[in-house]
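K.L.:
sequence unknown, structure follows:
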């Protein structure tokens, strides 16, 4: 099993920045990639970004490209999501997830999930 713990969410004004982190523990050697998903009020959960551990390849949703940056620290088993130029539509609960393999942008591929962390962007 892998446990994921998110941190760093909160409230920020539009145009501001925020960084969320996710620390993995347990059988971390099984992790193929880690990603972030989000669920906004009244909407379905959607892919945000992911990083593949083997070569640090990164993947982004079109809606966040150029604004968000995902990075990973293998030694710390931690993944970060730096969010810049935030706007109210980015308000959501952000979930960290880890997969042992599969299509990185599909939530169904992920085996482990964090509890979620609230990010609120005020206008």
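P.N.:
Thanks, I have the structure now. Keep in mind that what you see is a predicted model, and the values were worked out from it rather than measured.

K.L.:
Against residue 73, how distant is the nearest residue to residue 43 once chain neighbours are set aside?
P.N.:
Using C-beta to C-beta, 6 or more residues apart in numbering and skipping residues adjacent in sequence, the residue nearest residue 43 is residue 92, 7.9 Å away. C-beta: built from backbone N, CA, C; applies to glycine. From residue 92 over to residue 73 the distance is 24 Å, taken as C-beta to C-beta, to the nearest Å.

K.L.:
neighbour-wise, which of the two wins?
P.N.:
For residue 92 and residue 73, the more surrounded residue by other C-beta atoms under 10 Å is residue 92, and the numbers stand at 22 against 11.

K.L.:
residues in contact with the more buried one?
P.N.:
Going by C-beta atoms under 8 Å, 6 or more residues apart in numbering, residue 92 touches 38, 39, 40, 41, 43, 119.

K.L.:
does the spatially most central residue of the chain have beta-bridge partners, and which?
P.N.:
For the chain, the residue nearest the mean C-alpha position is residue 36 (2.1 Å; C-alpha atoms, centre = their mean). Beta bridges link residue 36 to residue 49, residue 96, judged by DSSP bridges.

K.L.:
Now for it: which residues touch it?
P.N.:
With C-beta under 8 Å, 6+ apart, residue 36 has these contacts: 20, 22, 48, 49, 50, 70, 79, 81, 94, 95, 96, 97.

K.L.:
Only the buried residues of whichever strand or helix holds residue 80, if you could.
P.N.:
Assigned by DSSP states H and E, residue 80 belongs to strand 78-83. For strand 78-83, burial by neighbour count (16 or more other C-beta atoms under 10 Å) applies to 78, 79, 80, 81, 83.

K.L.:
okay, the residues you listed in TSV with distance to residue 61 and pLDDT next?
P.N.:
Shown next, in TSV, are those (distance: C-beta to C-beta, whole Å; pLDDT from 0 to 100):
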residue	distance to residue 61	pLDDT
78	21	96
79	16	97
80	17	98
81	12	98
83	12	98
